[in-house]
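*Asks:* Quick one: sequence plus predicted model below, questions after.
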Amino acid sequence: MLGTNHLYSAMSVIGIAKDRSDTKSKVRLEPTLDKLYELSLRESSHSIGGLAATTWALASAHDPRADALGRVMADRLIASTISSMELGLVLSALAAVIDASPAARQQSLTLADLVERELLGRFSDPAQLFLGHPRTLRAAHPFRMRITSFASQVYPTHGLAELARVRETDPAQQILRAADHLVEMQGELGQWWWVYSPRSGLYSRVIRSTRSISTEWPSWHLPPYKILACARTRVILNEASSG
């Protein structure tokens, strides 16, 4: 049954579709996939991130609609204007499409090359992390450019690792460095901190908004799939490095 969040619903489908236990056979994914596909075709209703997550979910479930939705995603995508988290989702979706439909490989890789260049251009060497947003936002949204997030690392790292896997190439060094930095910054209780400085790479336990509201975001406030995504990223990188 579809929840109220497009992205989280798609992520749930991806997890279930990849489940190798008996649980998978007990869950009907078709109604959720149908609804996600319908929502994704409404151009104004959802972001590229939701569209990419749905494409990824369809491909993971070997649903033939993934190819068509991948083409819609390509038509709507302007890589230089969207968040790093969304670009990471796009790469994961394209890798899943290649896995499910080899005929779409060349078209998917062409788009992936463009997204990869944009993401790697957002890597901050001093911080060893990815910026959360394109540099073109600096003037309009200066506050956003002073922070980056856990999601802005996990999704690009996972997406770029998946791209390396389907290309059968070594992963970009930037994602190895970002993943290692996240592990280095992990809290003493195992927390994955949510907010980091794109200049120093240090995490921030407290962020003050323009209304002087203070909020703490340690890992136990994160949806489980984000922690799992980080763990999966390390597995992919370890396999790529050892292979």
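*Replies:* Alright, I've got the coordinates. Since the model is a prediction, treat every value here as computed from it, not as a measurement.
*Asks:* could you dump the helix or strand containing residue 71 to CSV, C-alpha only?
*Replies:* In this assignment (DSSP states H and E), residue 71 forms part of helix 65-76. Output of helix 65-76 as CSV, limited to C-alpha atoms (Å, rounded to 0.1, in the frame of the first residue of the first chain):
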residue,chain,number,x,y,z
ARG,A,65,7.9,0.7,-17.8
ALA,A,66,11.4,1.6,-16.4
ASP,A,67,12.7,2.3,-19.9
ALA,A,68,9.9,4.7,-20.7
LEU,A,69,10.2,6.5,-17.4
GLY,A,70,14.0,6.7,-17.8
ARG,A,71,13.4,8.6,-21.1
VAL,A,72,11.0,11.0,-19.3
MET,A,73,13.7,11.6,-16.6
ALA,A,74,16.3,12.3,-19.3
ASP,A,75,14.0,14.9,-20.9
ARG,A,76,13.3,16.7,-17.6
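*Asks:* Contacts made by that helix with the rest, please.
*Replies:* For helix 65-76, contacts defined as Cβ atoms under 8 Å, 6 or more residues apart in numbering pick out 33, 37, 40-41, 43, 48, 51-52, 54-55, 58-59, 90, 93-94, 96-97, 100-101, 104, 107-108, 111. Every C-beta, even on glycine, is put in place using the N, C-alpha and C of the backbone.
*Asks:* Give me the buried entries from the residues you listed.
*Replies:* Buried members of these, scored by 16 or more other Cβ atoms under 10 Å, are 33, 37, 40, 48, 51-52, 54-55, 58-59, 90, 93-94, 96-97, 100-101, 104, 107-108, 111.
*Asks:* how about the closest residue to residue 131 other than its chain neighbours, phi and psi?
*Replies:* Using Cβ to Cβ, 6 or more residues apart in numbering and skipping residues adjacent in sequence, the residue nearest residue 131 is residue 122, 4.3 Å away. Dihedral angles of residue 122 (phi, psi; degrees, to the nearest 10) stand at phi -100, psi 0.
*Asks:* Among the buried ones among the contacts of helix 65-76, which ones are in helices?
*Replies:* 33, 37, 40, 48, 51-52, 54-55, 58-59, 90, 93-94, 96-97, 100, 107-108, 111 (DSSP state H).
*Asks:* Quick one, grab the pLDDT at residue 118.
*Replies:* At residue 118, the predicted lDDT confidence score is 96.
*Asks:* Three-state assignment for it, please.
*Replies:* Recorded secondary structure, residue 118: helix (DSSP: H, G, I helix; E, B strand; the rest coil).
*Asks:* any idea how far the nearest residue to it once chain neighbours are set aside lies from residue 150?
*Replies:* Spatial nearest neighbour of residue 118, excluding adjacent residues (Cβ to Cβ, 6+ apart): residue 79 at 4.2 Å. Per Cβ to Cβ, to the nearest Å, residue 79 is found 21 Å from residue 150.
*Asks:* Between the two, which has more neighbouring residues?
*Replies:* The neighbour comparison of residue 79 against residue 150 (other Cβ atoms under 10 Å) goes to residue 150, with 25 against 18.
*Asks:* For residue 106, see how far away the more buried one is.
*Replies:* Counting by Cβ to Cβ - residue 150 and residue 106 are separated by 33 Å.
*Asks:* State the phi and psi torsions of residue 130.
*Replies:* phi -90, psi 140.
*Asks:* From what I see, it and residue 122 are in contact.
*Replies:* Yes. If you go by Cβ atoms under 8 Å, residue 130 and residue 122 touch, sitting 5.2 Å apart.
*Asks:* Between these two, which contacts overlap?
*Replies:* residue 84.
*Asks:* Pick out whichever of these two has more residues nearby.
*Replies:* Legend: neighbour count by other Cβ under 10 Å for residue 130 and residue 122, higher for residue 130 (30 against 21).
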